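Colleague: from the sequence below, what's the structure:
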Amino acid sequence: MKEAQKTQRSKLAPSDARRRYIEIGERVVLEQIREDAERFNDRAIAIGPFARLDAAVVAASDDKTRGAITNLFGSQLVFQAETMALALSAGDWIEQIKFPAPADYPTAEAWVDAFLVSQSERGPVHGATPTVNYAFLWALWLSAVPYGLWSEQISRPAMEEHSQLIRRLEGLFEQVLEHFHMKMRGGATTEDLACAVASQIEGVWLNQCLTKRHPCDPRQPISTVLRRAGRLLWLGATEPA
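Modeller: Numbering: from 1, shown residues only. Down below sits the predicted model:
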């Protein structure tokens, strides 16, 4: 009877056993994120780096003690949750974007290049010193993205912000097309183009978090990726009126 109760020894090679437990661990991590995300829908809790935000350290930056923050927010947990909520909802930054003026460029292609370079500069930069601006808030948002798979509270502000950017780009592209006497090609709309460009910008920003150079051509800056890819989108979507 005792022999039957013994745990059966694994017959896997050590390397295969390590791999198996790592794969199980990955699944457990995803389950933990799902459970945390569902809890967030019921009450405000801080996740990721926000859960490690120390009120004492923050207060010390202002030559005060932890009490200065807990008196205002009630507890460190509330302070952490409200800091996260503000970082995940950065719509005010979208309204502050300055786009290149079409009238300052001789051709639509020259304007597109300038626009795309400016969008690269607006995003995160690998190795940069932390500061509070849209690029770093966007990077902080990345830490919460997995929770957005299961939490409406996390996904909603990010999608509202993305839609806000699309509307701004849509209006901008309409102005550019009119200025350079162009139109959308083949039934496409400026909304289609805005959606594609917005997704492309944030896709390249992911690379900008990791490198300052073109991932395939180190001689070129990372902005070259966005400039060349965005130009292809523009040329494929537009034509002379």
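
Colleague: CA atoms for contacts and neighbours, from now on please.
Modeller: Fine.

Colleague: so Met182 sits against Thr238, correct?
Modeller: Yes - counting by CA atoms under 8 Å, Met182 does reach Thr238; the two are 6.8 Å apart.

Colleague: more crowded one of those two?
Modeller: With neighbours defined as other CA atoms under 10 Å, Met182 and Thr238 compare such that Thr238 has more, 18 against 15.

Colleague: what's the spacing between that one and Thr211?
Modeller: Computed as CA to CA, to the nearest Å, the Thr238 to Thr211 distance reads 31 Å.

Colleague: what's the answer for Leu233, then?
Modeller: 23 Å.

Colleague: what do you get for Pro221?
Modeller: Distance from Pro221 to Thr211, by CA to CA: 9 Å.

Colleague: who are the neighbours in contact with Gly127?
Modeller: Gly127 sits next to Cys209 when contact means CA atoms under 8 Å, 6 or more residues apart in numbering.

Colleague: quick one: it is in a helix?
Modeller: No - going by DSSP: H, G, I helix; E, B strand; the rest coil, the assignment for Gly127 is coil, not a helix.

Colleague: ramachandran coordinates for it?
Modeller: Phi and psi for Gly127, reported as degrees, to the nearest 10, are phi 80, psi 0.

Colleague: nearest spatial neighbour of Ala198, skipping sequence neighbours?
Modeller: Using CA to CA, 6 or more residues apart in numbering and skipping residues adjacent in sequence, the residue nearest Ala198 is Ile166, 6.5 Å away.
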